[in-house]
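Enquirer: The sequence isn't on hand, but the structure is:
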């Protein structure tokens, strides 16, 4: 929904009749309030020197000097240092131009307190400023101050200020449950008269859609569309269409979007869901024709076309996907990787796997990882699993190597090729010897393959670099427990790990199993029960059950094993343990299964 009900371009609306009109677009479009961790260079955001307020508005030379000093602080020390000097000047002068500049500085500072103070000052000087209301609204909603949002909206309506910024802000933040809830609470507290405001009604309809009250959303949006003096934005048609679709009325939703397209021709926010709905409704050919007829700029043509390709693939229409790809603009504006990726998927769906692989090999950029993962799957389909490792190592940059290798090595393991997984990790480690993650993964794989000497060597190497790492300590200790008779040495590592982290079930399990191997069965059961209570894992169940069985607590052991078998019936260690100690349990389970 977010992608469809995205922010509306402000040029589609009439400009507000306020002195601060030039700043409205800046305030509504700047992502600073939504991404406060950005470190945008100050010189690229701050107003240029020609935006400095006209000194003719100040009557005294001392004020001019103070303004120049504030400008100097702004340029040399940044917006946070400059805010207070500018605030003092703006509050004393009441000059709107200076207040607008103060507000811009506050936004760039990314300080919510500064933003709210500047917005308050702006509203005190001009209580009809739509930009100031919009800015303060964002701060209040992000702070979950619903009561103050209600007051702000009430004041704006009483001053005859358009609330078009409210549904816009809601659209941009539909994924933030806290903010949506704050808006909903604030609207519900408005008086019945104020709730009739068209922008409140649009926001209310959107909230109904988000909460799954589709029929109410339909009723509200239809009433607004019938009003002759209402601002019938494409958002209203989208709310109606998505509500209709969610009630299974796909034909009605398509009709609604066709109507919207008449009012907003070539609007991608309307065209994109219309095409999606047509494909979903079994009208893929109509969808592609609708796309072809749309009069769009190159960038929009590409975006809508790529979305159409994706939708067609989701509905198993590879042929139309390829014809859509052929009709895309020649200038691909940096989107060639997306187009190649989807085209390769289409070729694969048409059983042209060899062509798909060659094309997917060309995919780079942000889709490189996805392409590599897909190529690995196709190599397995083609029986070329032995070629996967070279492909991965050749395609993957050093900085992405640990994550990419981890993904592919786990694919090898799922396919039953632990040997290929070990080879991949080992080769990657040659290229990236400083990667502790790769080395640790290699150590665990070596143990799985029975090469525990390699496991011990690699873990000891890691412990030289990080001697207090509880994960390494526990892994080495458990390896020695399971592969050697060096129990006392193993327990030193495990007990050291437990001293550092006493709530990790893997460490607790190792400790309990160590006590079992030492013959200290009560201690063993204590720790294994603790591990089992934290994480009811099948391997912990194998250990805990065996400890109970050794102490002749047969019913308790069987109860633990049965619980583990329900969730993890194929775990080798669990099955081996039961076969050794209570094979009849597995026979009973076979008999209980329906034939």
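Expert: Everything's here; your move. Everything numeric in this text was worked out from a predicted model, so none of it was measured. Residues are numbered from 1 along each chain as shown.
Enquirer: Please, where are all the strands along the stretch 51-200 of the chain?
Expert: With strands called from DSSP state E, counting those that start in this stretch, the stretch 51-200 of the chain shows none.
Enquirer: Just the helices from it, written as ranges.
Expert: Shown for the stretch 51-200 of the chain, the helices assigned by DSSP state H, counting those that start in this stretch span residues 61-77, 79-93, 96-109, 112-125, 130-142, 146-158, 165-172, 177-188, 192-195, 198-210.
Enquirer: And those: which comes nearest residue 452?
Expert: Ranking those by proximity to residue 452 (C-beta to C-beta) places helix 177-188 first, at 48.5 Å. (C-beta placed from N, C-alpha, C; glycine too.)
Enquirer: and the closest one, what does it pack onto?
Expert: Under the contact criterion of 3 or more C-beta pairs under 8 Å, 6 or more residues apart in numbering; DSSP states H and E, helix 177-188 touches helix 130-142, helix 146-158, helix 165-172, helix 198-210.
Enquirer: just checking, what packs against the second one?
Expert: Meaning helix 146-158. Using 3+ C-beta pairs under 8 Å, 6+ apart, helix 146-158 sits against helix 130-142, helix 177-188, helix 192-195.
Enquirer: Nearest to residue 516, out of those?
Expert: For residue 516, the closest of those is helix 177-188, at 47.0 Å, according to C-beta to C-beta.
Enquirer: Now do the buried residues in the closest one.
Expert: Across helix 177-188, burial judged by 16 or more other C-beta atoms under 10 Å covers 179-180, 182-184, 186-187.
Enquirer: Please dump those into CSV; it should also carry distance to residue 349 for every row.
Expert: Converted to CSV, these look like this (distance: C-beta to C-beta, whole Å):
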residue, distance to residue 349
179, 40
180, 38
182, 45
183, 42
184, 43
186, 48
187, 46
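Enquirer: Which of the residues you listed sits closest to residue 455?
Expert: If you rank these by distance to residue 455 using C-beta to C-beta, residue 179 comes first, at 49.1 Å.
Enquirer: List the contacts of the helix or strand encompassing residue 461.
Expert: Per DSSP states H and E, residue 461 falls inside helix 452-465. Outside helix 452-465, the residues within contact range by C-beta atoms under 8 Å, 6 or more residues apart in numbering are 436, 439-440, 442-444, 446-447, 469, 472-473, 475-476, 479-480, 482-484.
Enquirer: Which one of the helices of the stretch 51-200 of the chain lies nearest to residue 497?
Expert: It is, among these and with distance given as C-beta to C-beta, helix 177-188, at 38.6 Å.
Enquirer: What sits closest to residue 184 if chain neighbours are left out?
Expert: Leaving aside its sequence neighbours, residue 184 sits nearest to residue 207 (C-beta to C-beta, 6 or more residues apart in numbering; 5.1 Å).
Enquirer: of the helices of the stretch 51-200 of the chain, which approaches residue 522 most closely?
Expert: Proximity to residue 522 (C-beta to C-beta) singles out helix 177-188 among these, at 48.5 Å.
Enquirer: Just want the angle from the closest one to helix 198-210.
Expert: Counting by axes from the mean of the first three to the mean of the last three C-alpha atoms, to 10 degrees, helix 177-188 lies at 130 degrees to helix 198-210.
Enquirer: I'd say residue 549 and residue 557 touch.
Expert: Yes - counting by C-beta atoms under 8 Å, residue 549 touches residue 557, with 4.3 Å between them.
Enquirer: which residues are in contact with both of these two?
Expert: Listed as contacting both residue 549 and residue 557 by C-beta under 8 Å, 6+ apart are 581-582.
Enquirer: who's more crowded, the two?
Expert: When residue 549 and residue 557 are compared for neighbours, residue 557 comes out ahead with 24 against 20, by other C-beta atoms under 10 Å.
Enquirer: May I see the buried residues of the one helix or strand that one maps to?
Expert: Per DSSP H and E: residue 557 is located in helix 554-567. Going by neighbour count (16+ other C-beta under 10 Å), the buried part of helix 554-567 is 556-558, 560-561, 564-565.
Enquirer: Output the residues you listed as CSV; include the columns distance to residue 370.
Expert: What follows is the buried residues of helix 554-567, written out as CSV (distance: C-beta to C-beta, whole Å):
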residue, distance to residue 370
556, 48
557, 46
558, 46
560, 41
561, 41
564, 36
565, 37
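Enquirer: Between these, which sits nearest residue 364?
Expert: Among these, and counting by C-beta to C-beta, the member closest to residue 364 is residue 564, at 45.2 Å.
Enquirer: quick revisit: give me the number of residues near the residue nearest to residue 184?
Expert: Residue 207: 22 neighbours (other C-beta under 10 Å).
Enquirer: One more: residue 410?
Expert: Residues near residue 410, counting by other C-beta under 10 Å, number 12.
Enquirer: so which strand or helix has it?
Expert: Secondary structure (DSSP H and E) places residue 410 in helix 401-414.
Enquirer: per-residue confidence averaged over the helix or strand harbouring residue 574?
Expert: For residue 574, the element it lies in under DSSP H and E is helix 572-581. Mean pLDDT, helix 572-581: 94.
Enquirer: Same question for stretch 131-151.
Expert: For stretch 131-151, the per-residue pLDDT averages 96.
Enquirer: ok, now stretch 542-557?
Expert: 96.
Enquirer: circling back to that earlier point, quick one: distance of the helix holding residue 557 to the chain centre.
Expert: Averaging C-alpha positions (C-alpha atoms, centre = their mean, to the nearest Å) puts helix 554-567 39 Å from its chain's average.
Enquirer: what's the angle between it and helix 572-581?
Expert: Here the directions of helix 554-567 and helix 572-581 differ by 140 degrees (the same axes, to 10 degrees).
Enquirer: Now do helix 554-567: which elements does it pack against?
Expert: Helix 554-567 packs on helix 538-550, helix 572-581, helix 583-592, going by 3+ C-beta pairs under 8 Å, 6+ apart.
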